[in-house]
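1. I would like the atomic coordinates for the input below:
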Amino acid sequence: MKLSFTKMHGLGNDFVVIDDREAQWDFAPEAVTWLCDRNFGIGADGLMLVRNATLEGADFAWWFRNADGSVAEMCGNGIRCFAKFVVDRGLIPADQQTVLVETAIGVLSIDVTRAYDGTLHLATVDMGEPVLTPALVPTTLGCEQPNDPVVNCELVTDAGTVRVTCVSMGNPHCVLFVDDVAEAPVHTLGPVIENHPAFPNRTNVEFAEVDEAAGVIRLRVWERGCGETLACGTGACATTVAAALNCRGGREATVELPGGQLAIRWAENGRVYMTGPATEVFRGEIDIPEDDEDA
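-> Sure thing, here's the model as predicted:
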């Protein structure tokens, strides 16, 4: 059976996107891994399905898996690509400026800025309030009191002891501040922290270099279930929050990732807003082996 798909990316963080409004597909982890394989499949950091909403008030529902087949509660770059897909396909009225998407962490509001031809140019996503309570991140780390945020706390690993700040943006993040992000041990320390027992659901790991005077955060991310990616939207949000908590900057930052820039704002209402682009790369079809159909 042939599967129609669209390849998209947000700052190089790339995804396979499938229109599944008829609820035809329910991919098993092995099928997701195959589709995302860069040698034997399409190749991507994750797989997204566009589905009809089940919650009142939402326009669409979002189904997402990491490249290893695991569930991701949220993906900031992915949700911008999702918005571009529904806007560019004309799945919402041409004068509609906000897309409401049902996700695992609730209904997200995405404000869209259209280009002259009506396609999506930029998306601003209301990512909600950061979660700082350790048990809800989740992490077993703690500082002085059990419910205190994990801010600049020690984490002992087999690769040494580091100081970390833990934030959830619907998915867990562990942020480390470094002097030179280009020299950060992303590929050695990243997987060690991702799979550390202090994080029962594993964690994304951020290595951040802050230029307070310029309001810039230079960031590399080891993503849970993917490895290092060119960009991570939730990671950029979590790191901006962590920087503010550590008095390393204000509540707004330009976050520079290997794939490009995101504008992040931790507003006074407590919510985090992310603005950035999304790009369609190509459309295609792929033959799905019978064993993977409706897997």
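2. going forward, measure contacts between C-alpha atoms and count neighbours the same way
-> Will do.
3. Nearest residue to residue 2 in space, please, no chain neighbours.
-> residue 287 (4.5 Å; CA to CA, 6 or more residues apart in numbering).
4. How about the contacts made by the one you found?
-> 1, 2, 3 (CA atoms under 8 Å, 6 or more residues apart in numbering).
5. Just among those residues, which is most surrounded?
-> residue 3 (13 neighbours; other CA atoms under 10 Å).
6. how far away is that residue from residue 204?
-> As for residue 3, its distance to residue 204 is 31 Å (criterion: CA to CA, to the nearest Å).
7. returning to what we had before: can you redo the contacts of residue 287 as JSON lines, where the extra columns are distance to residue 217 and secondary structure?
-> JSON lines is the format used below for the contacts of residue 287 (distance: CA to CA, whole Å; DSSP: H, G, I helix; E, B strand; the rest coil):
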{"residue": "1", "distance to residue 217": "45", "secondary structure": "coil"}
{"residue": "2", "distance to residue 217": "43", "secondary structure": "strand"}
{"residue": "3", "distance to residue 217": "39", "secondary structure": "strand"}
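8. Check pLDDT for those residues and point me to the minimum.
-> Of all the contacts of residue 287, residue 1 carries the smallest pLDDT score, 85.
9. chain center to stretch 154-168: distance?
-> Centroid separation between stretch 154-168 and its chain, computed with CA atoms, centre = their mean, to the nearest Å, is 21 Å.
10. Stretch 22-35 now?
-> Averaging C-alpha positions (CA atoms, centre = their mean) puts stretch 22-35 20 Å from its chain's average.
11. Same check on stretch 105-122?
-> Centroid displacement of stretch 105-122 relative to its chain, using CA atoms, centre = their mean, is 17 Å.
12. any idea whether residue 58 is helix, strand or coil?
-> Of the three states, residue 58 takes coil under DSSP: H, G, I helix; E, B strand; the rest coil.
13. all numbers from here: first residue = 139
-> With 139 as the first residue, the last one maps to residue 196.
14. Verify the stated contact: it with residue 248.
-> No - look at residue 196 against residue 248 with CA atoms under 8 Å: they stay out of range, at 11.2 Å.
15. Between the two, which is the more surrounded one?
-> Higher neighbour count among residue 196 and residue 248: residue 248, with 24 against 18, using other CA under 10 Å.
16. contacting residues for that one?
-> Contacts of residue 248 (CA under 8 Å, 6+ apart): 218, 221, 236, 237, 238, 239, 261, 262, 263, 264.
17. Enumerate every residue touching the second one.
-> Put plainly, it is residue 221. By CA under 8 Å, 6+ apart, the residues touching residue 221 are 237, 248, 250, 258, 261.
18. can you check residue 322 too?
-> So residue 322 contacts 316, 345 (CA under 8 Å, 6+ apart).
19. thinking residue 397 is in contact with residue 149, fair?
-> Yes - between residue 397 and residue 149 there is a contact at 4.5 Å, judged by CA under 8 Å.
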